[in-house]
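Trainee: Pasting the sequence and the predicted coordinates here, then a few questions.
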Amino acid sequence: MRVLLDTVTFLWAIDTPERLSRAAKSTLASQASVLEISVVSLSEMAIKCARKKLALDKEDLARGIADLRLHVLPYTAKHAYALFDLPLHHLDPFDRQIIAQALAEGIPVVTSDRAFSLYKGLNVLW
């Protein structure tokens, strides 16, 4: 099963895995899971690093992606068009793009963010 990790889930998985729920840990550990991270998350982390809100470098990011066996999901026009149909339950632009991607791809998101659950048709794993 394909799943999309949100940014915080990725950061917790590489730095503080004890913060992950039992279901999230199980999903990440399952050989049956095809784990993905959005290129949007990579951009978000790069911006937060530049603003000194996150202490992570490119090598840490690449190592985390490799260690977790993640595929990087590109952001496409199909994903951007899905933003037009999203209600404003969540105002964070990075999270909105991740939500749009998951809906457009028809895949669940692994996230602790309760606002994700407000989106009709979005399967949230936590």
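Mentor: Alright, I've got the coordinates. Bear in mind that the values here come from a model prediction, so they are computed numbers and not experimental data. Numbers count the residues shown, from 1 in each chain.

Trainee: contacting residues for the residue nearest to residue 57 when sequence neighbours are not counted?
Mentor: Nearest residue to residue 57, sequence neighbours excluded (Cβ to Cβ, 6 or more residues apart in numbering): residue 49, at 7.1 Å. Any C-beta I mention is one placed from the backbone N, CA and C, and that applies to glycine too. With contact set as Cβ atoms under 8 Å, 6 or more residues apart in numbering, residue 49 has these partners: 55-57.

Trainee: Looking at these, state which has the most neighbours.
Mentor: Neighbour counts for the contacts of residue 49 (other Cβ atoms under 10 Å) peak at residue 56, which has 15 neighbours.

Trainee: what separates it from residue 24, distance-wise?
Mentor: With distances taken as Cβ to Cβ, to the nearest Å, residue 56 is found 20 Å from residue 24.

Trainee: For the helix or strand hosting the residue nearest to residue 57, buried residues please.
Mentor: In the assignment (DSSP states H and E), residue 49 maps to helix 39-50. Residues 40-42, 44-45, 48-49 are the ones in helix 39-50 that count as buried (16 or more other Cβ atoms under 10 Å).

Trainee: what about the helices in this structure?
Mentor: 7-15, 22-29, 39-50, 58-67, 77-83, 93-105 (DSSP state H).
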